[in-house]
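Trainee: Got a predicted model here, sequence first, then my questions.
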Amino acid sequence: MKKKILIADDEPSIRLLVSGMLSEDYTVLEANDGAEAIDVINLQRPDLILMDIMMPYLDGYTACSRLKANEETKGIPVIMLTGVGHELNKKLSQETGADGYITKPFSLPELREKIGELLQCS
């Protein structure tokens with residue numbers, strides 16, 4: 001059975017790109033924003049989450065904080081996948097409990113390597 005990965009990003013093109021990169025090896029779930037991501041996580045229990053930071057309704061920082069504060073979801077690894085590579089954003093991601101941080105544009109090998117590392121640890 002394939003592991004499930006949730007892609008939470010408000011840009012359909014990013015979700016399509018990442019889904020295409022990963023769908024051969026993983027079951028890919030999608031969410032348009034942080035609020036929808038929380039709903040999908042509660043229903044589907046993905047094995048890993050790729051979360052954009054800047055999203056409407058509920059940003060990635062807040063969504064990640066909520067997940068990590070919940071006993072049932074705190075163990076799901078979260079990789080922040082964002083177009084902003086500032087050190088402050090990396091620090092805030094760590095403070096909210098994110099397990100990884102990858103800036104866009106990213107390479108498929110880089111993404112697969114980080115996903116593999118975190119799935120082995122979980």
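Mentor: Here it is on my side, so go on.
Trainee: Give me the helices and strands touching the helix or strand of the chain with the lowest mean pLDDT, please.
Mentor: Lowest mean confidence among the helices and strands of the chain (mean pLDDT, DSSP states H and E): helix 87-95, at a mean of 75. Where contact means 3 or more C-beta pairs under 8 Å, 6 or more residues apart in numbering; DSSP states H and E, helix 87-95 is packed against helix 60-69, strand 78-82, strand 100-103. The way it works is simple: take the backbone N, C-alpha and C, and place the C-beta from them, glycine included.
Trainee: Pick the most buried one from those.
Mentor: Using mean count of other C-beta atoms under 10 Å, the stretch among those with the largest mean neighbour count is strand 78-82, at a mean of 24.
Trainee: most centrally placed residue in this structure?
Mentor: When the chain is reduced to its mean C-alpha position, the closest residue under C-alpha atoms, centre = their mean turns out to be Leu50, at 1.6 Å.
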